[in-house]
Structures are given as C-alpha cells and as structure tokens.
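**Student:** Sequence and computational prediction follow.
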Amino acid sequence: MAASPPTRRPSSLEIAQGAALQPIGRVAAELGLLDEEYEPYGRHKAKVDLGVLDRLASRPDGKLVCVTSITPTRSGEGKTTTAVALTQGLARAGARPVLCLREPSLGPVFGVKGGAAGGGYAQVVPMEDLNLHFTGDIHAIGAANNLLAAMIDAHLLHGNELGIDPLSITWKRCLDMNDRALRRVVSGLGGRVNGSPRETGFDITAASEVMAIVAVSRDLHDLRSRLGAITVGETPDGELVTADDIGAAGSMAVLLKDAIKPNLVQTLEGQPAFVHAGPFANIASGNNSLIADRIALKLGDIVVTEGGFGSDMGFEKFVHLVARRGGIAPSAVVLVATPATMHLHGPENIRRHIGIVRALGFDPVVAINVHPGDDGALVEDALAAAESAGARAAVVSDGFERGGKGALDLAAEVLRALEQPGSMQTLYPIDAPIEQKLLAVAKTVYGAADVALSPAAKVQAERLAEQGLHDLPVCMAKTQLSLGHDLALGASPSDFTLPVRDLRAYTGAGWVVALCGDMQTMPGLSAAPAALAIDVDGRGRTVGLF
C-alpha cells in the first residue's frame, strides 16, 4: 500500500482567515468596557475611549509581564507568537489576561521580517487588517509629521519671522515604507516658488518623533503638550524653535485625536488584545503605547506586553523610556529563544541576556519557542543551556502549533514568578550627564568597554547640556542583530568601543536618541523582500502574507 502523502499544515494566514472571530462588542463587554467606551471599526476591531481611565482610576492595577528575547536573527525569535500563546495559556489557567502589542509597520511587512500578529495558532486577529493599514493610526502619524515639515518650509518661504537657521533644521518627513533612496534628499528645487533648496531626508514613520510621542503620551492633553515641545531647529544664537513656535502643534493634535485611542482586537482564542503605536526598538522606543498598558492594567489581572528585539533593545527601553516616567513597572519577565538561534549564537548569548534582565531587576522565565520540525536534540540543548545560564525556569512554548494548550507550562511558570515579583532597577540617574548615561547602557547592557562620541556628537552633547536637556534619558539606535553596534563583532561581543556618531534631542518624546555605528532611521528593502510573495488570489483574498 502506498504511503499517504504528508498532511500540509495551513499557513498562518490561512489559519487567521479561517478563524471564527467573536464580535468586537462581545470582546469589549467581557473585558469590562461600557458601550460608550468603545467605537467599532467594522465587526472585529474598535477604538477605546480614554475616559475609561477616569472611570477606573480607583481600581488597583493588574500585574505586568514583559516578553523579550535573546539576540534575534533577521526572522525574529517569535516574541509576539510567545506573548499571544502566553495570553491564551493564562486564560486556560483561569487568569483574566490582556495582551498589549505594537502596531505593525508596512516597512517590515513588505520587507524581510513579515507581519507582526504572531504565528500559527498563537495570533492576534484579524491578521490582515493588523498588518495592512489597520485603523489608520500610522498614516495619521505620518500626516501629522509631514504637516509640521510643510509648515516649517512655508515659514521659511514667507519671511522666516522666527529667524530659523535653515542649516539647523532637524525635522524630517516620514514614510511608512522601507526606502533607502529617501535617506538623504534635496528639497525645494525648481525656483523660489518651490522654496529654497536644502538637504534633508525621510525617516520611516515608526522611527519618527511623532510615533514616539503617541507611544508615551498619557492622554490627549499630554499629547498636545508634547507635540508643541518638538524641537525643529534653532536660531543663529542657539535659541530652540519648537512646533508650537511654528504654530503646527494644534493641527497635529487634531490629526492624532483618534490615533491616540488604543485599538481593541482579539487573539485566536478570544482574549482581548490592545494593538497600539509601533515604534521600532532598534531606532526608537520599541514598545506599545503607555495608554494601552494603563488601560489594560485597569481591566485585566495580568497584562502581557512585548518589547521589540532582544532585552538589550525593547526591554532596556521599556525600563528607561516608558516605565520609569510612565508610572508603571513589570512584575515578571519572559525571555524568548528558539532552539536554532541558541545553537547559532552559543550559550554565551543567553547568559548575557539573562544578565541584562537581572541588572534591570528581574529573574527571567526562559521560553523555548518551538515550531514543527524543530530538532528534538536542539530543543533539549536549549533547555539545558538556559538552565545552566541561570534562568529562573526554562520551558518549551509550543503556541505556534498548539495555541494556548502549548503554553500551559509557560503560563504556570509565569504565575509562579508573579508570586515573587521582581523590582525594576534603572542603570543611571536621570540627571547624569548624557555621556555617563550612554556609558552605563553600553557597559552594563552591551558589554562594551567604552563609548566614543564623534566630533559632531561631542558638540551636540555640549549644546544639549547648555540648553538644559541633559536630564533626558537616552534612546540607543543600533543593530538588533548583535549586542554590539556591528554584526561583524558577532552576537555576543565584549570589551569593544561603542561609536556614537550623532545625538538627536526628541524634546517632545522626552529623550535623546543616540545613533550608534551606521544605524539608519530609514531602512531599505533587500534583494528579495517579502513584497515579492504577497498577492491576491482568484477570489480576491490576500496570499503570501506571513
């Protein structure tokens, strides 16, 4: 008898397209929202009104669990898949979890990494909506950003009443797509009617300061204040010129008054999920919105959130940029690793990441994220390496294949960790000099021996101190593929010098961005981007999205 052909596993997109979703009103009601506190965007997603925070102000917060990872490969380690699976597993264990994730950018969706809704049977749905435009938040952020840019150029053309030095203008336009050709451009060509020629560029929207502001604002009024505080340039005598000076902040706030509201969706198993804001972790703050976290903490007893890339990226920034000033703190941390990546990097990398998480106040639970076809021996090696490296516990997470059932062991370990919560620690005093803050992160988190500022960065550090901006935290922009600034150093370098080529004051968001090595704020497409595989089939359905 001929052997039966192997059963083809459905793709993540096929699983999502075939799922039976609850009406969003039912998800909202089970979460504890009143009818007037959410606005449906179709049948399966909704915007949540910020007034829920006032209604629930006296309710105690739930406990926050942060999901991070070891140094990832270009395909990622599956933090989102693990975070979704953990949420589903906690619900199966009797908890009332709420998931908080970032909104996917079209850049990675059509670039290398693909979508950001999880995978297999551990997904947030509707998957296509999440990955393709969603509720329009990112487009609104781009519009607000570019309105300010247009108003700056118009101000220069119509007399420059504020006396802005055109060479000092730091504000760029943005676009939600990987497009290296826009990194450096000349605008204003074509004669006086089109403005004055000057060199500028584009950032990807996820790296823009407006995205950062949406992610860390506490409410609409805080958003408006932060937008007004954006620095766009200087006068010849060094006086800062802001978005309020240009007169743009009010209109920017109007463009963002709906984008500031968190988006409510659901997991494949019906748990509530807030998906809101999308700053990258390698060049921005790397976490979902503070507003979503705060609302979730009032509505659930456990909130699961994930920071972008490894613990040296998203988790470090969660501690210093989000939690420290946002008035929240995690109680437990999950460190995700795949067997293949642990084998590739060797045991030193997970040891280093466990050390980073401990330096920030927590003993992590390590989740070995497995997929069908993983080598059993590599899985066992990964568990042993995590335990040897000092993990609080190390368990297999099989959410991709089994959903919440595959994360029950992980959920049990997280619940045990929450019984003895960690205590968040920061690595530098907020009023320390900027170079001291850079050195603290470089040494403790990256394993560097020293930091070397370029001549331009040194001048900028001195100017920031003179302008009274030295008391801002630092947001490091570097590769996510190594603990250092350069992949050529390997995944787990030590005793290197971290080069900082530029410092940018994000006075609205409230931090200083340090550009390390050759890190760019506008990514480029590879020779074989994911966009090549995405299409519509004969029935008009999306195919090739992952």
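**Tutor:** Ah, there it is.
**Student:** contacts and neighbour counts: CA atoms only from here.
**Tutor:** Fine.
**Student:** name the helices or strands packed onto the helix or strand of the chain with the lowest mean pLDDT?
**Tutor:** Across the helices and strands of the chain, mean confidence by mean pLDDT, DSSP states H and E is lowest for strand 542-543: a mean of 88. Using 3 or more C-alpha pairs under 8 Å, 6 or more residues apart in numbering; DSSP states H and E, the elements in contact with strand 542-543 are strand 535-536.
**Student:** Go again with 10 Å.
**Tutor:** Applying 3 or more C-alpha pairs under 10 Å, 6 or more residues apart in numbering; DSSP states H and E, we find strand 542-543 packed against helix 12-17, strand 535-536.
**Student:** For residue 445, which of the ones you listed is the nearest?
**Tutor:** helix 12-17 (34.2 Å; C-alpha to C-alpha).
**Student:** Grab the CA positions of the helix or strand just after the closest one and hand them over as PDB.
**Tutor:** Next along the chain after helix 12-17, taking DSSP states H and E as the criterion, comes helix 24-31. C-alpha atoms of helix 24-31 as PDB (Å, rounded to 0.1, in the frame of the first residue of the first chain):
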ATOM      1  CA  ILE A  24     -15.800  43.100  18.900                       C
ATOM      2  CA  GLY A  25     -18.700  44.200  21.100                       C
ATOM      3  CA  ARG A  26     -18.600  40.800  22.900                       C
ATOM      4  CA  VAL A  27     -14.800  41.100  23.500                       C
ATOM      5  CA  ALA A  28     -15.300  44.600  24.800                       C
ATOM      6  CA  ALA A  29     -18.100  43.600  27.200                       C
ATOM      7  CA  GLU A  30     -16.200  40.600  28.500                       C
ATOM      8  CA  LEU A  31     -13.200  42.900  29.100                       C
END
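**Student:** helices and strands around the next helix or strand after helix 24-31, which ones?
**Tutor:** Moving toward the C-terminus from helix 24-31, the first helix or strand encountered (DSSP H and E) is strand 38-40. Based on contacts counted as 3+ C-alpha pairs under 10 Å, 6+ apart, the elements that strand 38-40 packs against are helix 24-31, strand 46-48, strand 263-267.
**Student:** what about 8 Å?
**Tutor:** Counting by 3+ C-alpha pairs under 8 Å, 6+ apart, strand 38-40 packs on helix 24-31, strand 46-48.
**Student:** For these, give me CSV that also has mean pLDDT.
**Tutor:** CSV is the format used below for the helices and strands packed on strand 38-40 (pLDDT from 0 to 100):
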stretch, mean pLDDT
helix 24-31, 98
strand 46-48, 98
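**Student:** Packed most tightly, which of the ones you listed would that be?
**Tutor:** Stretch with highest mean neighbour count among the helices and strands packed on strand 38-40: strand 46-48 (a mean of 22; mean count of other C-alpha atoms under 10 Å).
**Student:** Residues contacting stretch 261-269, please?
**Tutor:** 16, 19, 21, 24, 27-28, 44-50, 84, 88, 121-126, 135, 272-276, 289, 291-292, 404 (C-alpha atoms under 8 Å, 6 or more residues apart in numbering).
**Student:** before we move on, what about stretch 81-98?
**Tutor:** With C-alpha under 8 Å, 6+ apart as the test, stretch 81-98 has contacts from 67, 99, 117-119, 121-124, 267, 269, 271-274, 296, 299-306, 336, 367, 369, 397, 399-400, 403-408, 410-412.
**Student:** which ones are touching residue 282?
**Tutor:** Per C-alpha under 8 Å, 6+ apart, neighbours of residue 282: 308, 309, 313, 314, 476, 477, 478, 479, 480.
**Student:** Now neighbour count too, for those residues, in CSV please.
**Tutor:** Converted to CSV, those look like this (neighbours: other C-alpha atoms under 10 Å):
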residue, neighbour count
308, 30
309, 28
313, 31
314, 27
476, 26
477, 26
478, 27
479, 21
480, 27
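**Student:** Select from those residues every entry located in strands.
**Tutor:** 476, 477 (DSSP state E).
**Student:** now the contacts of residue 282 in JSON lines, with pLDDT and distance to residue 219?
**Tutor:** Formatted as JSON lines, the contacts of residue 282 follow (pLDDT from 0 to 100; distance: C-alpha to C-alpha, whole Å):
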{"residue": "308", "pLDDT": "93", "distance to residue 219": "23"}
{"residue": "309", "pLDDT": "95", "distance to residue 219": "27"}
{"residue": "313", "pLDDT": "97", "distance to residue 219": "26"}
{"residue": "314", "pLDDT": "97", "distance to residue 219": "23"}
{"residue": "476", "pLDDT": "97", "distance to residue 219": "26"}
{"residue": "477", "pLDDT": "96", "distance to residue 219": "27"}
{"residue": "478", "pLDDT": "97", "distance to residue 219": "30"}
{"residue": "479", "pLDDT": "96", "distance to residue 219": "32"}
{"residue": "480", "pLDDT": "95", "distance to residue 219": "31"}
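**Student:** CSV for the contacts of residue 282, including distance to residue 237?
**Tutor:** Rendered in CSV, the data for the contacts of residue 282 read as follows (distance: C-alpha to C-alpha, whole Å):
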residue, distance to residue 237
308, 39
309, 41
313, 36
314, 37
476, 29
477, 29
478, 32
479, 36
480, 38
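**Student:** and which of the contacts of residue 282 is nearest residue 154?
**Tutor:** The closest of these, once distances to residue 154 are taken by C-alpha to C-alpha, is residue 477, at 30.9 Å.
**Student:** For residue 205, see how far away the residue lying closest to that closest one once chain neighbours are set aside is.
**Tutor:** Nearest non-adjacent residue to residue 477, counting by C-alpha to C-alpha, 6 or more residues apart in numbering: residue 283, 4.2 Å away. Distance of residue 283 to residue 205, computed by C-alpha to C-alpha, to the nearest Å: 11 Å.
**Student:** neighbour count winner among these two?
**Tutor:** Neighbour totals were compared for residue 283 and residue 205, and residue 205 leads with 30 against 26 (other C-alpha atoms under 10 Å).
**Student:** Test my guess that the more buried one contacts residue 138.
**Tutor:** Yes: counting by C-alpha atoms under 8 Å, residue 138 is a contact partner of residue 205 at 7.2 Å.
**Student:** residues shared between the contacts of the two?
**Tutor:** 176, 211.
**Student:** Helices along the stretch 251-400 of the chain, start to end?
**Tutor:** In the stretch 251-400 of the chain, the helices defined using DSSP state H, counting those that start in this stretch lie at 290-299, 316-317, 324-326, 339-345, 347-359, 376-388, 399-402.
**Student:** mind putting those in TSV, mean pLDDT, distance to residue 530 and mean neighbour count included?
**Tutor:** Listed next are those as TSV, based on pLDDT from 0 to 100; distance: least, C-alpha to C-alpha, whole Å; neighbours: other C-alpha atoms under 10 Å:
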stretch	mean pLDDT	distance to residue 530	mean neighbour count
helix 290-299	98	29	24
helix 316-317	98	28	26
helix 324-326	93	36	16
helix 339-345	97	21	18
helix 347-359	98	28	21
helix 376-388	97	28	17
helix 399-402	97	21	22
